[in-house]
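Asker: Predicted model follows, preceded by the sequence.
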Amino acid sequence: MKDSTKKAQMRRFFECLKERPKTTAMAADETGIMRANLTRYVATFEKKGIITTVEKKKCEYTGHLAKYYSTDPAYFPDETQPELFPKATHSRPYQI
């Protein structure tokens, strides 16, 4: 596959997932891109942090348990970073 074709497919898949959460089977049917390619694109998007798994439930198309993916920022979990220096706890100092 040409690199330009791959990039075009990735763009189409990315935009498809912005509409609403979908499984790879649903996206394959909608975009006409082979499901095997979409699975590879999911891995690429996960490495880049631009896709999220919204839920796991039965696929509307296949009836099998599947992950629903989205690239819509509204579905991404809020980022929480642990404190670098946590506040002092209310523990008692050791007494010798």
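Answerer: Sure, I can see it. Numbering: from 1, shown residues only.

Asker: Could you use CA atoms for every contact and neighbour count after this?
Answerer: Noted.

Asker: number of nearby residues for A36?
Answerer: 11 (other Cα atoms under 10 Å).

Asker: could you say which helix or strand contains it?
Answerer: A36 belongs to helix 35-48 when assigned by DSSP states H and E.

Asker: So what sits opposite the residue nearest in space to the middle of the chain in the bridge?
Answerer: Nearest to the mean C-alpha position of the chain, by Cα atoms, centre = their mean, lies T52 at 2.0 Å. Beta-bridge pairing for T52 (DSSP bridges): S70.

Asker: what's the spacing between it and G32?
Answerer: 22 Å (Cα to Cα, to the nearest Å).

Asker: what sits against the residue nearest to L65 when sequence neighbours are not counted?
Answerer: Spatial nearest neighbour of L65, excluding adjacent residues (Cα to Cα, 6 or more residues apart in numbering): K58 at 4.2 Å. For K58, the contact set (Cα atoms under 8 Å, 6 or more residues apart in numbering) comprises H64, L65, A66.

Asker: Quick check: the last one is in a strand.
Answerer: Yes - counting by DSSP: H, G, I helix; E, B strand; the rest coil, A66 is found in a strand.

Asker: and it, how many residues sit next to it?
Answerer: Using other Cα under 10 Å, A66 is surrounded by 17 other residues.

Asker: L17: neighbour count?
Answerer: L17 has 21 neighbouring residues, counting by other Cα under 10 Å.
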